[in-house]
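A.B. asks: Fold the stuff below for me.
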Amino acid sequence: MRRRASLVLLAFAVFFAALSPLIRWYGFPRLAKIPPGQYQHMVLEAKNATLLDYATMKSRKVPKVSIVQTLKGNVEAAEKVGDRTGRDVVVWDTLSYVADDKGKMVSRIPERYVFDAHSQEPVHAGGEHVDGDPVRREGIEYKWPFLTEKRDYAYFDFQTRTSAPIHYKGTRTVRGLETYYFEQTIPWTKVKVPQHLPLGATPETVDQVGLERWYSTKRMFWVEPTTGAPVDGQELHKEEMRWKDQPGRKPLTAFAGHVKMRPDFQDEAVGLVTSQRHLVLALTTYLPWGFLALGGLLFALSLTLEARARGRGPTGETAATGEDGAGPGSGGRGGDGPRDGNGPADGGGDGDGDGTHQTPGPGTGRGKHRQPA
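C.D. replies: Have a look, this model is predicted:
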């Protein structure tokens, strides 16, 4: 029985030991992914910022500028791209909406971002755009990969429509979470004028006035490495309207300010990341190491039972037997009667022992006699 139990434990030990790397290296890359229908919005603020008043074409200080970033997963578009490519794909339709201190629009820039649900790598299947302009992204945007590494990544800047390195600068603690800090600086670059501006202004009207838009920023992200999700983001953002044919003329500051994530949205991001982090760790750490430890424990128990089964002697008791196979103290053998055949033969011997003895029946003790010649 013990040997059978030992074999069962050994079988389970092998099963759990094999399941450990299978979950980590096969299950995790396929199970951990961004849901296609995700919806999220974030509010960032720049206090005491500078904005361009398009009515007077003069820059002015304002108490606050708000940047609302909305992200919505397009499930229908993702299914179509997935059917064409055979991959798990996520399509994000995003909108960056800038408003002044009175809530009036300063600019709005829509995007479509198509990427692999598991690795977050861009998928070039058509439909990618920034403010209506087709683009071909390289690198990441908005989110880092699962299990972010301590290295530089290529990050897509939607203003310049190009990718540039974003550099790993060390670890930081944000609201009790250990994060990786990344930093990217975009030098002054001529960029396109947004399609939607205040007072009905368009890129064509800005061009007719003789202005062109220039942009520079220092971008900072604090990324939780397990999920790859930023829990804080800031920018030192600058935009200018420069005179095309008058290089010596002072440019107009279109926007300048230190953009920071609003505290309540930062708390929401930390809470969401904390819950999702445990799901990723379950596939990368908790289950693989737990199953490996369980397999080792079952293997040790199997060896213990096997050793006990081999060390145990044969079972059962050996009964002692007498000379004729009867137990000790069996009845004596009946004696032979007189050979002349005249008297009764008392052949029954009385057994005095505790063993089994035969009880003589009628006439069983008679001896043999000779037949007359």
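A.B. asks: Check which residues of whichever helix or strand Ala11 is part of are buried.
C.D. replies: Following DSSP states H and E, one finds Ala11 within helix 2-22. Under the neighbour-count criterion of 16 or more other C-beta atoms under 10 Å, helix 2-22 has 6, 9-10, 13, 16-17, 19-20 buried. In short, each C-beta sits where N, CA and C put it, glycine included.
A.B. asks: where's the residue sitting nearest the centre point of the chain, which helix or strand?
C.D. replies: Closest to where the C-alpha atoms of the chain average out (C-alpha atoms, centre = their mean) is Val280, at 2.5 Å. Assessed by DSSP H and E, Val280 sits inside helix 263-281.
A.B. asks: and what of Trp188?
C.D. replies: strand 177-191.
A.B. asks: what residues does that strand touch?
C.D. replies: Strand 177-191 is contacted by residues 148, 150, 153, 155, 157, 159-161, 164-173, 212-225, 231-232, 270, 273-274 when judged by C-beta atoms under 8 Å, 6 or more residues apart in numbering.
A.B. asks: pull the longest helix from this structure.
C.D. replies: The residue-count maximum for a helix in the chain (DSSP state H) belongs to helix 287-311.
A.B. asks: pLDDT on that one, on average?
C.D. replies: What helix 287-311 shows for mean pLDDT is 87.
A.B. asks: roughly how far is that helix from the heart of the chain?
C.D. replies: 28 Å (C-alpha atoms, centre = their mean, to the nearest Å).
A.B. asks: so that helix versus helix 2-22, what angle?
C.D. replies: For helix 287-311 against helix 2-22, the angle by axes from the mean of the first three to the mean of the last three C-alpha atoms, to 10 degrees is 160 degrees.
A.B. asks: Report the buried residues of helix 287-311.
C.D. replies: 287-288, 291-292, 294-295, 298-299, 301-302, 305-306.
A.B. asks: ditto for stretch 87-101
C.D. replies: With burial defined by 16+ other C-beta under 10 Å, the residues of stretch 87-101 counted as buried are 88-94, 96-100.
A.B. asks: which residue ranges form the strands in the protein?
C.D. replies: Secondary structure of the chain (DSSP state E): strands located at 39-53, 58-73, 89-99, 105-116, 129-130, 133-134, 153-157, 162-174, 177-191, 211-224, 229-243, 252-261.
A.B. asks: Please list all residues in contact with the closest residue in space to Gly82 that isn't next to it in sequence.
C.D. replies: Take Gly82 and drop its neighbours on the chain: the residue closest to it by C-beta to C-beta, 6 or more residues apart in numbering is Val89, 4.7 Å away. Neighbouring residues of Val89 by C-beta under 8 Å, 6+ apart: 36, 78, 81-82, 114-117, 123, 125.
A.B. asks: would you turn the residues you listed into JSON lines with neighbour count?
C.D. replies: Shown next, in JSON lines, are the contacts of Val89 (neighbours: other C-beta atoms under 10 Å):
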{"residue": "Pro36", "neighbour count": "19"}
{"residue": "Ala78", "neighbour count": "21"}
{"residue": "Val81", "neighbour count": "18"}
{"residue": "Gly82", "neighbour count": "18"}
{"residue": "Val114", "neighbour count": "22"}
{"residue": "Phe115", "neighbour count": "21"}
{"residue": "Asp116", "neighbour count": "17"}
{"residue": "Ala117", "neighbour count": "17"}
{"residue": "Val123", "neighbour count": "24"}
{"residue": "Ala125", "neighbour count": "16"}
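A.B. asks: how far does stretch 166-173 sit from the chain's center?
C.D. replies: 23 Å.
A.B. asks: Actually, stretch 30-38.
C.D. replies: 11 Å.
A.B. asks: Can I get it as PDB, trimmed to CA atoms?
C.D. replies: Below are the C-alpha coordinates for stretch 30-38, written out as PDB (Å, rounded to 0.1, in the frame of the first residue of the first chain):
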ATOM      1  CA  ARG A  30      -0.200  34.100 -24.000                       C
ATOM      2  CA  LEU A  31      -2.400  34.900 -21.000                       C
ATOM      3  CA  ALA A  32      -1.000  38.300 -20.000                       C
ATOM      4  CA  LYS A  33      -2.500  40.900 -22.400                       C
ATOM      5  CA  ILE A  34      -4.200  44.200 -22.600                       C
ATOM      6  CA  PRO A  35      -8.000  43.800 -22.900                       C
ATOM      7  CA  PRO A  36      -9.300  45.100 -26.300                       C
ATOM      8  CA  GLY A  37     -12.200  47.100 -24.800                       C
ATOM      9  CA  GLN A  38     -10.300  49.100 -22.200                       C
END
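A.B. asks: Residues in contact with it: which ones?
C.D. replies: 71-75, 78-79, 88-92, 117-118, 120, 143, 146, 279-280, 283.
A.B. asks: cool, and stretch 5-22?
C.D. replies: With C-beta under 8 Å, 6+ apart, stretch 5-22 has contacts from 287-289, 291-292, 294-299, 301-303, 305-306, 309.
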